[in-house]
Every structure is written in C-alpha cells, then in structure tokens.
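In: Test case, fold it:
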Amino acid sequence: MAVTEPAPLATPSVHEGILRRQSLRESAARTYARSLPIVPVRARGLTIEGADGRRYLDCLSGAGTLALGHNHPVVLEAIKNVIDSGAPLHVLDLATPVKDAFTTELFATLPPEFADNARIQFCGPAGTDAVEAAFKLVRAATGRSGLLAFTGAYHGMTAGALAASGGAEDVRVTRLPFPQDYRCPFGIGGERGAEVAARWTESLLDDPKGGAPAPAGMILEPVQGEGGVNPAPDGWMRRMREITAARSIPLIADEVQTGVGRTGAFWAVQHSGIIPDVMVLSKAIGGSLPLAVIVYRSELDTWQPGAHAGTFRGNQLAMAAGTATLTYVRENGLAERAATLGARMLARLQALAIDHPCIGDVRGRGLMIGVELVDPEAEMPTGGTGGPEAPPDPVLASAVQQECLRRGLIVELGGRHSAVVRLLPPLTLTDEQATAVLDRLADALAAAERSSNRRTMTGSAR
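Out: Got it, this is the predicted structure:
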C-alpha cells in the first residue's frame, strides 16, 4: 500500500481551508481572527510564517505575552528540560522544584521593600482570574465590598474584572477619571490635568454624600493598554498611593500587560517608585504559556484555605518557561533596552506625525506604543487650552491595520473607539527590525490615507 504524503503546511489551499472551517465552527465572540485572517504555522522571534507561505513581523506578541518573541531558545530549552526530567506536569498547588525556582526568580525582580514582605497566590492561568483573586483578597482583608477603578480601564473578561473595566454597563464599581494629555477629561492635560483628576478622586472619597461605597481597594494600570496606550503620569501614581494609604485602601496594580520589562522598567510601577499592596501578574511571566499570579503584602493574607483555587494553577511548563524568561530579561537588561529603543521609535513616529495630520497623538512607554488616528477635517472643540482635538477615526485605523497586514506587519487596534494603532513588539527587537516595522507602518498609513482621500472625493462628486 502506497504511503500518502502529508499535505504541506504552507499552501494557499491549506490556508483558505483552515480559515473557512474556523469561520464555520468557532463562536461569534472570536476577535483577533476577524481582523487578522492568517494561519500561523511556524514562528521565531519577531517573525511568523503563515500557511499562505507569507512572513509577518508580529507586533502583537500575543497581546504582550511574548516578551522574548516566539519560540526563544531559552524558553524552549526550559520546557524541554522539564519534559525530559520526568517531572509531573500537573500537581495542583503542591510544592515542586520548578515552582520554587519560579517564585524565587519572580521575587528577585520585584522591588525589595515589596518582595521582603510578600505572599504569592497562584491563580487560574489567565490574567482575568488573577484580577478576580485580587478583588476577593482585598474584600476579605478589609471587610468592605466597594471597588475603585478608572475610566478607560481594561482588567479582563470575567464578571468581576469586566465590571471594573471601562466598557462595563451594569456598574457596581466607582469610576474615577484617568488622566490623559491628549484627551484630558477636564480639557487641561499635563500636570495640571493630572492634579485635578487626583483632587477629584480625593474629594469623592472624603465626601459623605459622594455615593461611593466603602472601597475594599483601588485597581489601576500604570499604562492603560486596551484603553489606548495611556501612560499614567508618575506624579499622579504617587498621589494615588498617598490617597489610598491615608485611607487604608489597598492599591492594586494591574501589571498583566505592562510587566516584565515592557515599559522600560521591569515593573511599570517602578517608574513612579510606588509600592502597591497587590500586583496582578500574567501574560509574559509564563514565557508564552498560561500563568497568572497575584503578589501582595502579607498583612492582607487573611483568607481561608480554598478561598481562591483553580485546577490549572500548577502549570509546571509555564513556570519553567516563565523562570527562563524572567531571568533572561533581567540578566540581559531588556527593560533598559526597551526604554532606549522605545524612545527612538516614539521620536520617529512623532516626526511622521508632522507630515500626516491624521496622526492625532503618539504616546507610550518603552515598547508599548500607540498612534491615535483622527479625522483632521472634522475638528471637535473641547474648550481646553490645548485647542480643538480632532475626533478619532476608527475607519482609517482599521484600514491602516489591513494595509499593514498586506505589507507583512501585524498590529492591533485599541482605545475607546478602536482608533489607536498599537505596537507591542518583543523586547528582543533589534534596531534593524524596529526600522522595518516603522517603515511598513509608515507605508501602510500613506496607502490608507490615499484610499480614504479617494473615497472622500468620490463621495463628494456624487
């Protein structure tokens, strides 16, 4: 009997067939697959090869999960070593050498004054479960039920985490203003806008008729990612720490996307020098595999055994991959590298904005970068000293994303109106790769602008 050769991984027919079956079988809730119709079959570092035979530069990086890019050798070696050792791969929350090594390395990266008095809870393998654990922890420790969160926030898709996110409709969480320079809610921006936001928060908490339930905790992102790459001002972060500490409100820092060197410091809270009471960690800490934890002050460790559990909180392969990733980032100074390279990329994008009025703002920290696209022909006055700000243009942003894909560049969109083009490249990005990414983005932007102008002219002619 003749042996049938397997079909090659990379052919147009394989590509189309897999996409067609995905569309027929998967739920309407799928997200990335809609705007990025590719079928990855191989990957290394920044590069993905699709089943269509094309190569792509991946600036999504698993939504920030892949600190070292795809299939980094130190990660693969760590996973292989665990598999070859015969160690159990599933152990619930039992102690293992692999877990001990991970916890030791993780604590070595944390601010010493935090790590010296900290406890760790291994959660279900997603950041949203760690957010839920953080909420349960502070509620148990304080005996209070209210929560403080911020406009534009994103903390996950489970019920409690979603309620604390900016798009929640059935809100049981007190929403506070998050400071922004470009679209300041008070029309001021800068240090003054951040100070007004802090004073508003302080006033609300001290107002007996303010309507805010007694808060068990405040949760914030040092840089809002899904909210449009909005870095929190360092001074404002320090004010939030002062305000919460003075009122015995635990401060929860959501570092799911900002952690492990992404923003130019190992942990984004280190930019402001604050020490939170709880840190929520996931994504990059698992070295590309599912892992989520909370680390918190030991004084908060009041809950009972089993108060937060999960069958897959003992992911040995993820802990091994995470240890390798944390160590590599620390020993090779990748956080500092992200700060330097990210500043250069921001500078080039800001220069690009001079010739492209559709770029309303360029912002970010380290290798967490956002470009907000606007419609400069439809200005929208804000009444602030900064003058009119053009409204966001999600149609143009979507067109830029598709033009990027045609040029072999994967980017994601974010922000309140999905008008912010986001770059989350791996921390191993080289200077040459950074140039290639920005060249393709600039070319895609120009193409999308030309297409938009043609549509506008055609519409006017009619």
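In: To what extent is Pro185 buried, counted in neighbours?
Out: Per other CB atoms under 10 Å, the neighbour tally for Pro185 reads 18. (Glycine included, C-beta is placed from N, CA and C.)
In: go on, Asp439?
Out: Other residues lying near Asp439 total 13 when counted by other CB under 10 Å.
In: same thing with Leu94?
Out: 9.
In: Now it. Nearest residue, chain neighbours left out?
Out: Spatial nearest neighbour of Leu94, chain neighbours left out: Gly314 (6.6 Å); criterion: CB to CB, 6 or more residues apart in numbering.
In: does that neighbour count as helix, strand or coil?
Out: Here Gly314 is coil, with the state taken from DSSP: H, G, I helix; E, B strand; the rest coil.
In: give the contact list for it.
Out: Under the criterion of CB atoms under 8 Å, 6 or more residues apart in numbering, the neighbours of Gly314 are 90-94, 96, 99, 122.
In: Please tell me how far it sits from Val91.
Out: 4 Å (CB to CB, to the nearest Å).
In: ok, Leu441 touching Cys404?
Out: Yes - Leu441 is within contact range of Cys404, at 6.2 Å (criterion: CB atoms under 8 Å).
In: Find the residues that touch each one of these two.
Out: 411, 421.
In: just checking, Asn315 touches Pro290?
Out: Yes - Asn315 lies in contact with Pro290 (CB under 8 Å); the separation is 6.1 Å.
In: Please identify which of these two sits among more neighbours.
Out: Neighbour tally, Asn315 and Pro290, criterion other CB under 10 Å: the higher count belongs to Asn315, 24 against 16.
In: Give me the three-state assignment for the most centrally placed residue in the chain.
Out: Nearest residue to the geometric centre of the chain (CA atoms, centre = their mean): Gln257, 3.3 Å. When classified by three-state DSSP, Gln257 comes out as coil.
In: The helix or strand of the chain with the lowest mean pLDDT - contacts with which helices or strands?
Out: When the helices and strands of the chain are scored by mean pLDDT, DSSP states H and E, helix 159-163 comes last with a mean of 78. Secondary-structure packing of helix 159-163 (3 or more CB pairs under 8 Å, 6 or more residues apart in numbering; DSSP states H and E): helix 127-142.
In: mind listing what the closest residue to Gly225 other than its chain neighbours touches?
Out: Counting by CB to CB, 6+ apart, Gly225 lies nearest to Gln257, which is 4.4 Å off, once chain neighbours are set aside. By CB under 8 Å, 6+ apart, the contact set of Gln257 is 63-64, 221, 223, 225, 283, 368, 424.
In: give me the low-pLDDT residue ranges for the chain?
Out: 1-10, 167-171, 379-388, 454-462 (pLDDT under 70).
In: tally of neighbours for Pro222?
Out: Pro222, neighbours per other CB under 10 Å, totals 27.
In: That one touches Ala232, doesn't it?
Out: Yes - here Pro222 reaches Ala232: they are 5.4 Å apart, a contact under CB under 8 Å.
In: Quickly list what's touching both of these two.
Out: Joint contacts of Pro222 and Ala232 (CB under 8 Å, 6+ apart) are Ser272.
In: All the helices of the stretch 301-450 of the chain, in order from the start?
Out: Applying DSSP state H, counting those that start in this stretch to the stretch 301-450 of the chain gives helices spanning 316-331, 334-354, 394-406, 431-461.
In: how many other residues sit next to the closest residue to Ala126 other than its chain neighbours?
Out: Among residues not flanking Ala126 along the chain, Ala292 sits closest, at 5.7 Å (CB to CB, 6+ apart). Residues near Ala292, counting by other CB under 10 Å, number 30.
In: Which elements pack onto the host helix or strand of Glu49?
Out: Using DSSP states H and E, Glu49 maps to strand 47-50. Applying 3+ CB pairs under 8 Å, 6+ apart, we find strand 47-50 packed against strand 40-44, strand 55-58.
In: what comes up buried for the shortest one?
Out: So the one you mean is strand 55-58. By neighbour count on 16 or more other CB atoms under 10 Å, the buried set for strand 55-58 is 56-58.
In: ok, now which ones touch Gly360?
Out: 182, 372-374, 376, 389-390, 392.
In: Can you select the buried ones from those residues in PyMOL?
Out: In PyMOL, this line selects whichever of the contacts of Gly360 come out buried by 16+ other CB under 10 Å:
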select buried, resi 372+373+374+389+390+392
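In: Serialize the contacts of Gly360 to TSV and add fields for distance to Thr31.
Out: Shown next, in TSV, are the contacts of Gly360 (distance: CB to CB, whole Å):
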residue	distance to Thr31
Tyr182	25
Glu372	20
Leu373	20
Val374	24
Pro376	29
Glu389	28
Ala390	27
Pro392	19
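In: Pick out the most distant pair among the contacts of Gly360.
Out: Distance extremes for those: the farthest pair is Tyr182 and Pro376 at 13.9 Å, using CB to CB.
In: so of the contacts of Gln257, which ones are in strands?
Out: Mapping the contacts of Gln257 onto strands (DSSP state E) picks out 223, 368.
In: Can you lay out the contacts of Gln257 as JSON lines showing neighbour count and distance to Gly143?
Out: What follows is the contacts of Gln257, written out as JSON lines (neighbours: other CB atoms under 10 Å; distance: CB to CB, whole Å):
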{"residue": "Ala63", "neighbour count": "18", "distance to Gly143": "35"}
{"residue": "Gly64", "neighbour count": "24", "distance to Gly143": "35"}
{"residue": "Glu221", "neighbour count": "26", "distance to Gly143": "26"}
{"residue": "Val223", "neighbour count": "22", "distance to Gly143": "32"}
{"residue": "Gly225", "neighbour count": "25", "distance to Gly143": "32"}
{"residue": "Lys283", "neighbour count": "25", "distance to Gly143": "31"}
{"residue": "Met368", "neighbour count": "26", "distance to Gly143": "36"}
{"residue": "Leu424", "neighbour count": "26", "distance to Gly143": "39"}
